[in-house]
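*Asks:* This is a predicted model, with the sequence first.
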Amino acid sequence: MTFYEVYSLVQYNRIEGIINISRTLFVSIVLTISTTYFIKDANRLILNPIDRMLKKVRFIAKNPMAAANDDVERHALGVTALIHKEEE
């Protein structure tokens, strides 16, 4: 007398597939959110100060005497205020 045992892995494989898809979606969402925050911080901490510095350098290149008279900072603040107004 011989006994055979038959069992199906269909349900197990289906649940495992759902778990893997859920894990992939979760990781994708977390990476998207973290990338968004990273880009925002990089712009605020790195790119914006470099942009302001380049504006000051261009102003000094156009009018070196203003730099000697310490008008650069006042003009740079005015340019920054104008740029912010244009962006709004």
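*Replies:* Thanks, I have it.

*Asks:* Report the secondary structure element holding the residue nearest to the spatial centre of the chain.
*Replies:* Residue closest to the average C-alpha location in the chain (CA atoms, centre = their mean): I39, at 1.5 Å. Secondary structure assignment for I39, by DSSP states H and E: helix 10-42.

*Asks:* That helix - what's its average pLDDT?
*Replies:* The average pLDDT for helix 10-42 rounds to 96.

*Asks:* How far does it sit from its chain's centre?
*Replies:* Here helix 10-42 is found 18 Å from its chain centre; the criterion is CA atoms, centre = their mean, to the nearest Å.

*Asks:* Which strands or helices does the helix or strand just after it pack on?
*Replies:* As assigned by DSSP H and E, the chain's next helix or strand after helix 10-42 is helix 48-62. Other helices and strands packing on helix 48-62, by 3 or more CB pairs under 8 Å, 6 or more residues apart in numbering; DSSP states H and E, are helix 64-68, helix 72-87. Backbone N, C-alpha and C define where each C-beta goes, glycine included.

*Asks:* 7 Å - rerun?
*Replies:* helix 72-87 (3 or more CB pairs under 7 Å, 6 or more residues apart in numbering; DSSP states H and E).

*Asks:* helix, strand or coil for S8?
*Replies:* Of the three states, S8 takes coil under DSSP: H, G, I helix; E, B strand; the rest coil.
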